[in-house]
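Student: Here's a sequence, model it:
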Amino acid sequence: MKLGSARLPACASAIAVIALAAVLRGDGGAPSAQSAAGGQAGSTAAPLLAEQAFKNIQALKGISAADFMGTMGIMTAALGFDCSECHVAAGTDKVDWAADTPRKVIARRMVNMVTAINQNNFAGRQLVTCWTCHRGRDKPVVTPNLDLVYGMPTLEPDDLVVASVPGLPKPDEIIDKYLQALGGAQRLAGITSFTATGTSIGFGGFGGGGAVQIYAKAPDQRSTIIEFKNAPGRDASIRSYDGTTGWNKTPLTVLGEYQLSGSELDGARLDAQMAFPSQVKRVLTDRRTLQPATINDRDVDVVQGNGSGRLFATLYFDKQTGLLTRMVRYGNSPIGRLPTQIDYADYREVDGVKLPFRFTFAWLDGRDAFQLNDVRINVPIDAAKFGRPTSLESKR
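Tutor: Presented below is the predicted three-dimensional model:
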């Protein structure tokens, strides 16, 4: 599903995750026995592979189930599809995952085609993806539109830029301005933990908004718990990272709870680290300044840096206030980059430092908007808050 698409309401994110999981299955819709609730007994277990979680994986073997789900997000975003366009009765209890529809067969063929193009022509670099041709359509446009040819061009910057643009402020100058705008590097370095409570709007079709709790402890532990109190019997949605291992638990999805791996684990680590702004220079290396941009009619300075693994992130700072407006981090999948965008707003002062009380977390399969009403700094936090969601949920 594509955010903003008329074909799928924004509240249907959870349905999408269920449906997307079977795009490349040849038979059987239910997870295999190994992917059931006991399939990952502890945080030291190896990541669950796609072929272990689902049946008859053909084109995407050898990647984690988590990265498989991200790959499905790339496909649906590129084609502007919702789940039902590949799966009979998707989004209902009558869905037939086993039905091998023509679009599933084509999807497998397209994965192999794109892989071959990149290997044979670009030394394996992902210069051609689903998005390269489809751009939100099931069939790529093949004829030039003269209004576009002679109209004002729409410039789309490259995701990855390898060096700073000459003549612009140095990246550390922009970051220093940001730290000063928040209250100064010294005060920020004194923050060792925080808790926050508020509301979340995301999966409206499955219980409406939720009550959110956020726990963070320096340098790299963080958890987000969303409880759906207006939907009796519905489990909480929990995302946790303890500094080494990460977990995601989302109700009404085919995987339910799973251990993070690959790009998703790298992303959870960066999110936990960036919760403490004094660390930004340490966690993002090889920093470079990109061309300035505009977000919501406001000029922004742009800095990019590398995280762990192959992850990299682009930060957008309001040129006037110096505050962080947006972060887009990019992970990897077999068929293209996985963007995750976090927008920050409503900065308020708490104990001498400014923190964002409103932020939006968007990925290819959905979007959550958070509004905080209370943030407390340097409070003790039980280490269990950052553990596996099932154990965490039992302690609430």
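
Student: Return the list of strands paired to the top strand by length along the chain, each annotated with direction.
Tutor: Assignment by DSSP state E gives strand 336-350 as the longest strand of the chain. Strand 336-350 has the following strand partners under DSSP bridges: strand 324-333 (antiparallel), strand 353-363 (antiparallel).

Student: so which of those is the most packed in?
Tutor: Greatest average neighbour count among the strands paired with strand 336-350 goes to strand 324-333 (a mean of 21), per mean count of other Cβ atoms under 10 Å. Every C-beta, even on glycine, is put in place using the N, C-alpha and C of the backbone.

Student: just the CA coordinates of that strand, formatted as PDB?
Tutor: Extracted C-alpha coordinates of strand 324-333, given in PDB (Å, rounded to 0.1, in the frame of the first residue of the first chain):
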ATOM      1  CA  LEU A 324      15.700  19.000  13.600                       C
ATOM      2  CA  THR A 325      12.700  18.900  11.300                       C
ATOM      3  CA  ARG A 326      13.100  15.500   9.700                       C
ATOM      4  CA  MET A 327      15.200  12.400   9.600                       C
ATOM      5  CA  VAL A 328      15.100   9.900   6.800                       C
ATOM      6  CA  ARG A 329      17.100   6.700   7.300                       C
ATOM      7  CA  TYR A 330      17.700   4.200   4.500                       C
ATOM      8  CA  GLY A 331      18.000   0.400   5.000                       C
ATOM      9  CA  ASN A 332      18.600  -2.300   2.400                       C
ATOM     10  CA  SER A 333      16.500  -5.000   0.800                       C
END
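
Student: Quick check: bridge partners of Val88?
Tutor: Asp96.

Student: Which of the strands paired with strand 336-350 sits closest to Ala163?
Tutor: With Cβ to Cβ as the criterion, Ala163 lies closest to strand 324-333 of those, at 17.3 Å.

Student: hmm, back to that, would a markdown table of the strands paired with strand 336-350 with mean pLDDT and distance to Phe81 be doable?
Tutor: Putting the strands paired with strand 336-350 into a markdown table (pLDDT from 0 to 100; distance: least, Cβ to Cβ, whole Å) gives the following:
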| stretch | mean pLDDT | distance to Phe81 |
| --- | --- | --- |
| strand 324-333 | 95 | 17 |
| strand 353-363 | 96 | 16 |
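
Student: Adding distance to Ser200, write those out as a markdown table.
Tutor: As requested, the strands paired with strand 336-350 are exported to a markdown table (distance: least, Cβ to Cβ, whole Å):
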| stretch | distance to Ser200 |
| --- | --- |
| strand 324-333 | 19 |
| strand 353-363 | 9 |
